[in-house]
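1. Got a sequence here, can you build the structure:
(2 chains)
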Number of protein chains: 2
Amino acid sequence: MDLAAFRAALGDIPVEDHPRIVQQKSRDHYWYSPYLKRTLDHVTADLVVSPRTQDEVVTILAAAFRHKVPVTPRGAGTGNYGQAMPLAGGAILNLMALDKVIHIEKDRVRAEAGIILEKLDEATKAAVGGEMRFHPSTYRMASLGGFIAGGSGGVGSIRWGGLRAHGNVLGLKVITCEETPRVLELKGTDILKVAHAYGTNGIIVEAEIPLTAAYDWVDVIAGFDDIMDAVRFSEAVALQDGILLKEIAPVAAPMPYDWFNRHKPMLKPGQSVVLMMAAPAAVEPLAVFMDIWKAEMVYRSDTAAPEVKAKLPPVYELAWNHTTLRGLKIDEGITYLQTQYPSVEHVERMIRLFGEEVPMHLEMIRFDGRVVFAGLPVVRYTTEERLEEIIAIHEANGILVFNPHRCTLEEGGMKKTDRTQLAFKKEADPTGLLNPGKMIAWENPDFNFEDNRAWLFSGLQKAG
Amino acid sequence: MDLAAFRAALGDIPVEDHPRIVQQKSRDHYWYSPYLKRTLDHVTADLVVSPRTQDEVVTILAAAFRHKVPVTPRGAGTGNYGQAMPLAGGAILNLMALDKVIHIEKDRVRAEAGIILEKLDEATKAAVGGEMRFHPSTYRMASLGGFIAGGSGGVGSIRWGGLRAHGNVLGLKVITCEETPRVLELKGTDILKVAHAYGTNGIIVEAEIPLTAAYDWVDVIAGFDDIMDAVRFSEAVALQDGILLKEIAPVAAPMPYDWFNRHKPMLKPGQSVVLMMAAPAAVEPLAVFMDIWKAEMVYRSDTAAPEVKAKLPPVYELAWNHTTLRGLKIDEGITYLQTQYPSVEHVERMIRLFGEEVPMHLEMIRFDGRVVFAGLPVVRYTTEERLEEIIAIHEANGILVFNPHRCTLEEGGMKKTDRTQLAFKKEADPTGLLNPGKMIAWENPDFNFEDNRAWLFSGLQKAG
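-> Now for the predicted structure:
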């Protein structure tokens, strides 16, 4: 790569090369994983480019192509898989200045990739009383483009399923990395070419997503003495068609009392909880349903005293990867897994098998129209070997593991290559400059996933 | 009963006793069933009372109690099970003048029982951009109270399940039939005491229901050569979490071409269809999904020429019991069943077994959080015996039949008594004056449903 020529070609597009700032912008939340922390800690780009317009993105990608500069796109850097880390150095493409709302209709919005999700919702709520169908727990920091390129679902997925389900993204504007970059409008199934592809095969600069009715969601925390009662209640309430919930997450003792600092006064040691968000009209039916299940009403935000409520984070910031984050703040010795359990029996088997070593945290979601148990169980970490063993035991028990201790698409996903994404990379990034090292199929088409060994990116830091 | 004393006690509350008008108001759509037509055709009340206020309802019920006058409540009379027919004569309580909206909030509405559903939606759309979660195909005629007392779900149930699911009704105001009628506010599980109880144990005068986001729903009709492809597509699209549909109904050939007169120009003989209503943002993803399934786009209202669209009824008026109604207008020799199939294989088995005799019509709904096949198959009617035989064959094949050829709660439902509703009748209607003859458990607690014989109300027309 010819960095000097690259910089020269950028004109007045803002470039940052102060090593501390570049290092800062070369990181995401990869440190949730001890393995990623060890292997990626030294990764850094050479500079950060921050386009202010989509035309500037075209200029940057043309210059990168000509001067062979690797380009790793970045939103807010809230991902946990090292997906925004520049394994081959080069440029970080910081898209946060592309934050315009393009247009809002009654049931959809189009905006630029860098807009923060909470800001996007503020705009659509004000305009049409609508909000995104679902969002990550990093709602107040994460960007729209980063969510689509690096996320999969989140708060709201119990109603709407995941990002890659038909209809949850309506359109994407993508810029290719070629001699003359093309600006493509992807619709329909073409969206899947770049959704959750970590920006390896095109830069998402604009997205159109559907809206749903915005509500002043009420935070509800249900308490249980036994985590399995919490889990069974969670499935049952998820199957209640008439009780509109946006979030259902059972979290096992001792995590709630030990980690949810602000909520501690209302929790008991040894108490497992279910974190929920209910539409206002659903709160009373939910309370009735909790009574039937003998669940304790630990907290409901609609009747909480204002001075109590003001001190509490929203319940979604206790859920998803925020559960893990709160744990890490108190106990650096933990990490986590991402799992999916075919049935409540599978959940129970893992709880009995691992006990205190793997405290259970589930997220109820819909997948292909069915309520399923997604998991973000915490792991009290000892060694890399034991972590691998824990994963292997899960898999041997028929539980899907999406390994969050790998930064490649394949290893963190279904352990196979998405042929559509690979084919699109050949078109849109023919020289492989976009987010190098994240799509194994590009670098090493013959890699054998059966070996159960981590893939090593040969280019890691080649340019660093 | 002492009708003269009853009338005298009513003061200036409007009463109608012209025989033709009383007979007209003594009927619902019972004539969908040849059995109900034969057995109920002569049923008529003695007079019709039309209260203008809830206080007048109290006056009427106190007078009815004192003078032993049976009272059968009535909304728009669009039910199909004879549920609004006055089996013991007496008074029809016409509630259509109680049609006020009480209050509207962002996600709920409270209104009087007699309001027409379409009018209710017009009010909530204008006020907060919200609409009912689901409604019957008789949306433009049926009343709120009639729907809750006599319905079970409908257009929208694919998203929200049924009327009796937790959270789909938030509150009911009910007036009892006692010496001093009480005005009760039912909430939570108490709602189930009177929901779908045909007004046998209290008169619903007000209801509070949740709202969801209102959309300009787009009518879409998909065409298939084979009904089983239409059925499989319907299940698959119902499981698409990201494609927001309010209605999914497969209707087998030859019904669409033969019966959907206004749509005929766009249909082919021998074509089976799936009737759908899609949110605007869901239409393109739905079109993509139809392409994947090789479904023909027969019609979509968002791109139809205005002069074409103006001549067509909304798609929901081709679905639910409107399918049957359209059939009856052309062929008096048909009737129908109400069924629920455990799987697509059960649907297929019935199609193969009965062929032309029982053309298939399904409604995809959610029930307890799962997508299921509700059925309203048409029956080419020959004799009562053959109809019973067809029902028996369905049941022998593990298919639930909710017999629409019976006017009692039990026989049209689960063939067992709802103990909660019975207990509430003892409190709220101790002398059994409300809609007599519809709750078998009240009249004949020892009736044996295993016999498979229709129950005969001993009081039928006793007072007529």
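2. CA only for contacts and neighbour counts going forward, please
-> OK.
3. Which stretches in the stretch 301-450 of chain A count as helices?
-> Remark: helices assigned in the stretch 301-450 of chain A by DSSP state H, counting those that start in this stretch are A:306-309, A:321-330, A:344-354, A:384-396, A:409-412, A:419-428, A:440-443.
4. looking at the ones you listed, which is buried most?
-> When the helices of the stretch 301-450 of chain A are scored by mean count of other CA atoms under 10 Å in any protein chain shown, the highest mean neighbour count falls to helix A:409-412 (a mean of 21).
5. Check which helices and strands that helix is in contact with.
-> Contact partners of helix A:409-412 among helices and strands, from 3 or more CA pairs under 8 Å, 6 or more residues apart in numbering or on different chains; DSSP states H and E: none.
6. For A:Asp46, report the pLDDT, please.
-> On pLDDT, A:Asp46 comes in at 97.
7. Quick check: nearest residue in space to it, chain neighbours excluded?
-> A:Gly90 (5.1 Å; CA to CA, 6 or more residues apart in numbering or on different chains).
8. burial of that neighbour, as a residue count?
-> Counted by other CA atoms under 10 Å in any protein chain shown, the residues lying close to A:Gly90 total 27.
9. Wait, it touches A:Ala64, no?
-> No - A:Gly90 is not in contact with A:Ala64 according to CA atoms under 8 Å; the separation is 9.0 Å.
10. angle of the lengthiest strand in chain A against helix A:419-428?
-> Determined from DSSP state E, the single longest strand within chain A is strand A:203-213. Here the directions of strand A:203-213 and helix A:419-428 differ by 140 degrees (axes from the mean of the first three to the mean of the last three CA atoms, to 10 degrees).
11. can you tell me if strand A:203-213 touches chain B.
-> Yes - using CA under 8 Å from any CA of the partner chain, strand A:203-213 reaches chain B at A:Pro210, A:Thr212, A:Ala213.
12. how about TSV for these, with neighbour count, pLDDT and distance to A:Gly145 added?
-> TSV is the format used below for these (neighbours: other CA atoms under 10 Å in any protein chain shown; pLDDT from 0 to 100; distance: CA to CA, whole Å):
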residue	neighbour count	pLDDT	distance to A:Gly145
A:Pro210	27	98	15
A:Thr212	21	97	19
A:Ala213	20	96	22
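13. re the thing from before, would you list the helices of the stretch 301-450 of chain A in TSV and tack on mean pLDDT and distance to B:Arg38?
-> Formatted as TSV, the helices of the stretch 301-450 of chain A follow (pLDDT from 0 to 100; distance: least, CA to CA, whole Å):
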stretch	mean pLDDT	distance to B:Arg38
helix A:306-309	95	64
helix A:321-330	96	65
helix A:344-354	98	51
helix A:384-396	96	63
helix A:409-412	92	67
helix A:419-428	96	63
helix A:440-443	93	72
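14. closest to A:Leu192 out of the ones you listed?
-> Proximity to A:Leu192, assessed across the helices of the stretch 301-450 of chain A by CA to CA, is greatest for helix A:419-428 (7.6 Å).
15. For the closest residue to chain B within the stretch 201-350 of chain A, grab the count of nearby residues.
-> Of all residues in the stretch 201-350 of chain A, A:Leu239 sits closest to chain B, at 3.9 Å by CA to the nearest CA. Using other CA under 10 Å, the number of residues around A:Leu239 comes to 19.
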